[in-house]
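give me coordinates for this.
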Amino acid sequence: MIEAHDLTKRYGDKSAVDHISFTIAPGTVTGFLGPNGAGKSTTMRMIVGLDRPTAGSVTVNGKPYAQHSWPLREVGALLDAKAVHPGRSARSHLRTMAATHGISIKRVDEVIEMTGLAGVAGKRVGGFSLGMGQRLGIASAMLGDPGTLILDEPVNGLDPDGVTWVRHLVRSLAAEGRTVFLSSHLMSEMAQTADQLLVIGRGRILTAGPVQQVIDSVTGTTVRVRSPHATELADLVRAEGVTITSGEAGSLELQGITVEQVGGTAAAHGIVLHELCLQRASLEDAYMNLTRDAVEYRSEPSPALAS
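Next comes the predicted model:
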């Protein structure tokens with residue numbers, strides 16, 4: 001479990017992380033989302049003791065990271081896959097890490113096999129592709145068989161098979177009762193991987209909760225209907241709080257009403273329906289709405305593209 005209380009980090013007059021509190025529970029995958037510069041990496045660095053909080057506190061399994069006798073056995077972290085001596089082989093790097101925590105050579109071989117590095121374990125890390133470097137970073141994080149995993153952009157540089165592998169890996173680790181906290185800019189992947197979300201912007205928490213709850217709280221749901229009697233149906237379901245939008249001829253998009261209510265009303269009045277379905281917004285839609293005012297670096301289309 002990871003617990004933060006009033007966690008704050010300032011650099012001069014700038015607040016990178018601004019009095020945030022959260023709990024990352026075991027047995028779940030928690031996705032950490034936010035624009036560039038939102039404070040995600042700073043938060044993760046404070047969790048593992050690489051940055052000292054200006055105020056507040058953060059603990060892992062009840063203790064600050066630095067107070068754990070064998071931190072690699074408690075917390076596995078992937079924060080910078082490039083933080084490896086380029087002249088070492090993957091196996092040498094992992095064996096060196098293992099030696100500092102009394103971890104067996106057998107475990108080194110296990111994580112090499114687990115992460116698909118067996119064919120390149122003897123090669124120098126400096127020649128690794130971005131994706132292979134990510135696999136080595138994940139192997140390093142898994143080396144101590146920790147109960148808590150903190151992964152910053154773990155799928156960066158991976159091909160589709162690698163992305164699927166990471167998804168299945170973190171889901172299986174959470175199913176074992178471990179705490180998994182990961183960030184990613186791939187919204188479609190996060191929607192498939194995470195159970196919970198923590199969304200941050202300009203150093204402050206914008207929202208937190210189960211994935212679908214976060215999406216619905218921001219975007220709501222829409223009932224789509226197609227009927228030759230769409231106008232009549234619209235008059236029947238029109239009520240306070242119900243928003244009705246007409247699209248193509250014979251179709252309606254309704255908000256503030258359930259599929260069951262629409263279907264029941266149509267049946268009660270003998271109205272034929274050609275389509276009745278619930279449309280949910282995507283995580284990307286919700287994320288863009290949530291962070292619209294929290295983006296520090298915004299791109300604008302060039303005049304040539306805008307014309």
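
now the longest helix along the chain: buried residues?
Determined from DSSP state H, the single longest helix within the chain is helix 160-175. For helix 160-175, a neighbour-count test (16 or more other Cβ atoms under 10 Å) marks Gly162, Val163, Trp165, Val166, Arg167, Leu169, Val170, Leu173, Ala174 as buried. (Each C-beta comes from the backbone N, C-alpha and C, glycine too.)

now the first one, nearest residue through space, not along the chain?
The spatially closest residue to Gly162, leaving aside those adjacent along the chain, is Gly131, at 5.7 Å (Cβ to Cβ, 6 or more residues apart in numbering).

residues contacting Leu197?
Leu197 makes contact with Thr30, Gly31, Leu33, Met190, Thr207, Ala208, Gly209, Pro210, Val211, Val214, according to Cβ atoms under 8 Å, 6 or more residues apart in numbering.

list only buried entries from those.
Neighbour-count burial within these applies to Thr30, Gly31, Leu33, Met190, Thr207, Ala208, Val211, Val214; the criterion is 16+ other Cβ under 10 Å.

please name the nearest non-neighbouring residue to Leu136.
On the basis of Cβ to Cβ, 6+ apart, the spatially nearest residue to Leu136 that is not a chain neighbour turns out to be Ala90, at 5.2 Å.

separation between the one you found and Val166?
17 Å (Cβ to Cβ, to the nearest Å).

also Met187?
For Met187, the distance to Val166 equals 15 Å [Cβ to Cβ].

on that earlier part again, residues contacting the longest helix of the chain, please?
Contacts to helix 160-175, defined as Cβ under 8 Å, 6+ apart, come from residues 27-29, 116, 131, 134-135, 138, 149, 151, 154-155, 158, 180, 182, 186, 189, 192-193, 195.

hmm, 7 Å instead?
The contact list for helix 160-175, computed with Cβ atoms under 7 Å, 6 or more residues apart in numbering, reads 27-29, 131, 149, 154-155, 158, 180, 182, 189, 192-193.

swap in stretch 63-79?
Under the contact criterion Cβ under 7 Å, 6+ apart, stretch 63-79 has outside partners 44-45, 47-49, 60-61, 101, 137-138, 141-152, 154.

show me where the stretch 201-307 of the chain has strands.
Counting by DSSP state E, counting those that start in this stretch, one finds strands in the stretch 201-307 of the chain at the ranges 204-210, 221-226, 243-246, 251-255, 275-280.

Phe181 - that's part of a strand, no?
Yes: the assignment for Phe181 (DSSP: H, G, I helix; E, B strand; the rest coil) places it in a strand.

hang on, it packs against Val29?
No: using Cβ atoms under 7 Å as the test, Phe181 is too far from Val29 to be in contact (8.2 Å).

picking that back up, and which of the contacts of helix 160-175 is nearest Thr222?
Thr222 lies nearest to Gln192 out of the contacts of helix 160-175, by Cβ to Cβ, at 21.7 Å.

chain neighbours aside, what residue packs nearest to the closest one?
Distances taken as Cβ to Cβ, 6+ apart place Arg167 nearest to Gln192, at 6.2 Å, with adjacent residues excluded.

could you do Gly49 as well?
Nearest non-adjacent residue to Gly49, counting by Cβ to Cβ, 6+ apart: Tyr65, 4.1 Å away.

burial measure for that neighbour, as a count.
By the other Cβ atoms under 10 Å criterion, the neighbourhood of Tyr65 contains 21 residues.

which residue ranges of the stretch 1-150 of the chain form helices?
When secondary structure is read from DSSP state H, counting those that start in this stretch, the stretch 1-150 of the chain shows helices at 40-47, 71-74, 90-100, 105-114, 130-142.

rebuild those as a markdown table, extending it with mean neighbour count, mean pLDDT and distance to Ser246.
Compiled in a markdown table, those are given as follows (neighbours: other Cβ atoms under 10 Å; pLDDT from 0 to 100; distance: least, Cβ to Cβ, whole Å):
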| stretch | mean neighbour count | mean pLDDT | distance to Ser246 |
| --- | --- | --- | --- |
| helix 40-47 | 23 | 94 | 41 |
| helix 71-74 | 18 | 91 | 57 |
| helix 90-100 | 18 | 93 | 60 |
| helix 105-114 | 16 | 95 | 54 |
| helix 130-142 | 22 | 92 | 48 |
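
switch those helices over to TSV; also include distance to Thr8.
As requested, the helices of the stretch 1-150 of the chain are exported to TSV (distance: least, Cβ to Cβ, whole Å):
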stretch	distance to Thr8
helix 40-47	9
helix 71-74	23
helix 90-100	31
helix 105-114	35
helix 130-142	26
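
looking at those helices, which is nearest to Ser21?
Among these, the nearest to Ser21 by Cβ to Cβ is helix 40-47 (11.5 Å).

which elements pack onto that closest one?
Using 3 or more Cβ pairs under 7 Å, 6 or more residues apart in numbering; DSSP states H and E as the contact criterion, the neighbours of helix 40-47 among helices and strands are strand 2-11, strand 14-24, strand 55-60, strand 148-152.

noted, bye for now.
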